[in-house]
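A.B. asks: Please work out how this folds:
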Amino acid sequence: MTDSGTEAGPETGTESRAQPVGGGPGPRPLADELLLDTWERASALAPVGRPLALLAAVWPGHGWERLAAEPLGRSTARLAELRRSLVGDAVEAVASCPSCAGLVEVGFPLSLLSGSGPGGPVGPDGPDPESGAELSVTAEGHEVRCRPVTTGDVLAVRGAADPASALLARCVTGAVRLGEAVPAGELPEGVRASVEEALAAADPQAEPLLGLDCPACDTQWWAPFDLGAFLWAEVERLALHTLGEVDALARAYGWRESDILALGRIRRRRYLDLVRA
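C.D. replies: Below you'll find the model as predicted:
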């Protein structure tokens, strides 16, 4: 279906938009046209870059580079706010039990991922004293300075032979032992582990973990929750659903894509009901 129809388009309507969660500047609405444009552009990116593309679309004033330089925990907070504005707060998913491979249903509110650091709740535009702050770690006679992992770091090490080492090298800003500088790649395993623990403690929402129980075999385990991948799957599903609606109305009425998207979701679905009646 193309956007070259010649018949007059439908009368457009408006619908109310959700207000930013928690007050202050929130994401701009991922309305249908922006949703499709962002989905189309981000589909060409590697999976690890797609969540950042979503954030750049709804926080245009921040820019790709600024968003990529934020700690992962703050990116998680932004993704959570975007998801709430687009779909809602409740999450329903499934996980595979590591013991019996059975599927475990998971349900929780996104507010569970908001977290609380030393300075209180971390939000995309709220207090976040550890954001980008340099940390100092002392271990096995080494003094190591490091900073939290960012989305840009994760993008940069994609494809590296040893992503964990490459990520550590990017986050270590300096290391000294007995007055001599030590390259990040030459830090002992115990020192590396101490640095990784410090980074995880400073940005606890960098990799959200869910405590799960398998009802079939009683196994308990911690499962990582990749909010970026989860949200992208929902955005793709919404985009394909919207394209299906556009296709149905374009075939029935000869309207252009832009006119159909301008209808608003409620009125568009009423027209679809008439077409399918």
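
A.B. asks: What segments of the stretch 101-250 of the chain are helices?
C.D. replies: 151-156, 163-171, 189-202, 227-253 (DSSP state H, counting those that start in this stretch).

A.B. asks: Let me have those helices in a markdown table, extended by mean pLDDT and mean neighbour count.
C.D. replies: Any C-beta I mention is one placed from the backbone N, CA and C, and that applies to glycine too. Shown next, in a markdown table, are the helices of the stretch 101-250 of the chain (pLDDT from 0 to 100; neighbours: other Cβ atoms under 10 Å):
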| stretch | mean pLDDT | mean neighbour count |
| --- | --- | --- |
| helix 151-156 | 95 | 18 |
| helix 163-171 | 95 | 17 |
| helix 189-202 | 95 | 16 |
| helix 227-253 | 96 | 17 |
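
A.B. asks: nearest to Leu103, of the ones you listed?
C.D. replies: With Cβ to Cβ as the criterion, Leu103 lies closest to helix 227-253 of the helices of the stretch 101-250 of the chain, at 15.9 Å.

A.B. asks: Show me how far the closest one is from its chain's centre.
C.D. replies: Offset of helix 227-253 from its chain centre (Cα atoms, centre = their mean, to the nearest Å): 19 Å.

A.B. asks: what's the helix or strand following that helix packed up against?
C.D. replies: The helix or strand immediately downstream of helix 227-253 is helix 257-261, counting by DSSP states H and E. Judged by 3 or more Cβ pairs under 8 Å, 6 or more residues apart in numbering; DSSP states H and E, helix 257-261 is in contact with helix 32-42, helix 227-253.

A.B. asks: The same query, at a cut-off of 6 Å, please.
C.D. replies: The contact analysis (3 or more Cβ pairs under 6 Å, 6 or more residues apart in numbering; DSSP states H and E) places helix 257-261 against helix 227-253.

A.B. asks: Switch the helices of the stretch 101-250 of the chain over to a markdown table; also include distance to Ser75.
C.D. replies: Shown next, in a markdown table, are the helices of the stretch 101-250 of the chain (distance: least, Cβ to Cβ, whole Å):
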| stretch | distance to Ser75 |
| --- | --- |
| helix 151-156 | 5 |
| helix 163-171 | 15 |
| helix 189-202 | 15 |
| helix 227-253 | 8 |
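
A.B. asks: out of those, which comes closest to Gln220?
C.D. replies: helix 189-202 (20.4 Å).

A.B. asks: Now Glu70. Nearest residue, chain neighbours left out?
C.D. replies: Once flanking residues are discounted, Glu70 sits nearest to Thr150: 6.1 Å by Cβ to Cβ, 6 or more residues apart in numbering.

A.B. asks: That neighbour reaches Leu67, doesn't it?
C.D. replies: No: the pair Thr150 and Leu67 fails to qualify as a contact (Cβ atoms under 6 Å) at a distance of 9.3 Å.

A.B. asks: Report the buried residues of stretch 257-277.
C.D. replies: 257, 259-264, 267-268, 271 (16 or more other Cβ atoms under 10 Å).

A.B. asks: pLDDT (mean, whole number) over that stretch?
C.D. replies: Stretch 257-277 carries an average pLDDT of 93.
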